[in-house]
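Undergrad: here is the input, now give the coordinates:
(2 chains)
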Amino acid sequence: EAGVVQSPRYKIIEKKQPVAFWCNPISGHNTLYWYRQNLGQGPELLIRYENEEAVDDSQLPKDRFSAERLKGVDSTLKIQPAELGDSAVYLCASSFQTSGFSSYEQYFGPGTRLTVT
Amino acid sequence: GDSVTQMEGPVTLSEEAFLTINCTYTATGYPSLFWYVQYPGEGLQLLLKATKADDKGSNKGFEATYRKETTSFHLEKGSVQVSDSAVYFCALRDGGYNKLIFGAGTRLAVHP
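TA: Okay, here's the model as predicted:
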């Protein structure tokens, strides 16, 4: 079974430039998460989707970050414009959840390491 | 809000030594608790979990017991191997929100 796929694995951009990250979750998983992991810290949730709907985006800096999950499958996270403080690893995860049942396990992709110079 | 605190690393051990990585949590409800491991260049993998007080999670020789009275979920292994070298993250999941809250991670280095 294929795991969570993310691309690119690494990205170096200059500040004020736009950048986008792509995630393809495990087949059949209806819930998708984007996390940001700063150096030396644990991941922090940015946004969670259930199917196409963003059900928790309270931690997403909406002035420069946007995300979409068209058709409830793969997802794109965008930053425009990027700032120096956005340098981090962006992790995507997926899980299967229905009303009354939740798989506790979130499966993580390898992440995209973003460096803003 | 809910939070997780882990012991700072790095933790450096010789092969076959005993491992303990401390983890304590703060939560208003009754969370589920997890340990994730991140090997170099890879994504986070679930190592073990416990969903209620006094549950013991175990996997690959690692164990952790959900202690509600001390709000702790310490990770232990009786005999570490070089291949256990990785970063270990303690996390909680609030039952009301399907969101993981992670500690800062503890890097483990095991030498032959």
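Undergrad: point out where chain A drops to low pLDDT.
TA: A:1, A:98-104 (pLDDT under 70).
Undergrad: which parts of it are strands?
TA: When secondary structure is read from DSSP state E, chain A shows strands at A:5-7, A:10-13, A:19-24, A:31-37, A:44-50, A:53-56, A:65-68, A:75-79, A:88-95, A:97-98, A:101-102, A:107-108, A:112-116.
Undergrad: adding distance to chain B and mean neighbour count, write these out as CSV.
TA: (Glycine included, C-beta is placed from N, CA and C.) As requested, those are exported to CSV (distance: least, CB to the nearest CB, whole Å; neighbours: other CB atoms under 10 Å in any protein chain shown):
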stretch, distance to chain B, mean neighbour count
strand A:5-7, 8, 17
strand A:10-13, 11, 14
strand A:19-24, 11, 19
strand A:31-37, 7, 24
strand A:44-50, 5, 21
strand A:53-56, 7, 13
strand A:65-68, 16, 17
strand A:75-79, 16, 19
strand A:88-95, 7, 24
strand A:97-98, 6, 14
strand A:101-102, 6, 11
strand A:107-108, 4, 22
strand A:112-116, 10, 18
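Undergrad: okay, those in CSV with distance to B:Lys52 next?
TA: What follows is the strands of chain A, written out as CSV (distance: least, CB to CB, whole Å):
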stretch, distance to B:Lys52
strand A:5-7, 33
strand A:10-13, 41
strand A:19-24, 32
strand A:31-37, 22
strand A:44-50, 23
strand A:53-56, 24
strand A:65-68, 33
strand A:75-79, 32
strand A:88-95, 20
strand A:97-98, 19
strand A:101-102, 15
strand A:107-108, 23
strand A:112-116, 35
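Undergrad: tell me which of these sits nearest to B:Ser32.
TA: Relative to B:Ser32, the nearest member of the strands of chain A by CB to CB is strand A:101-102, separated by 9.8 Å.
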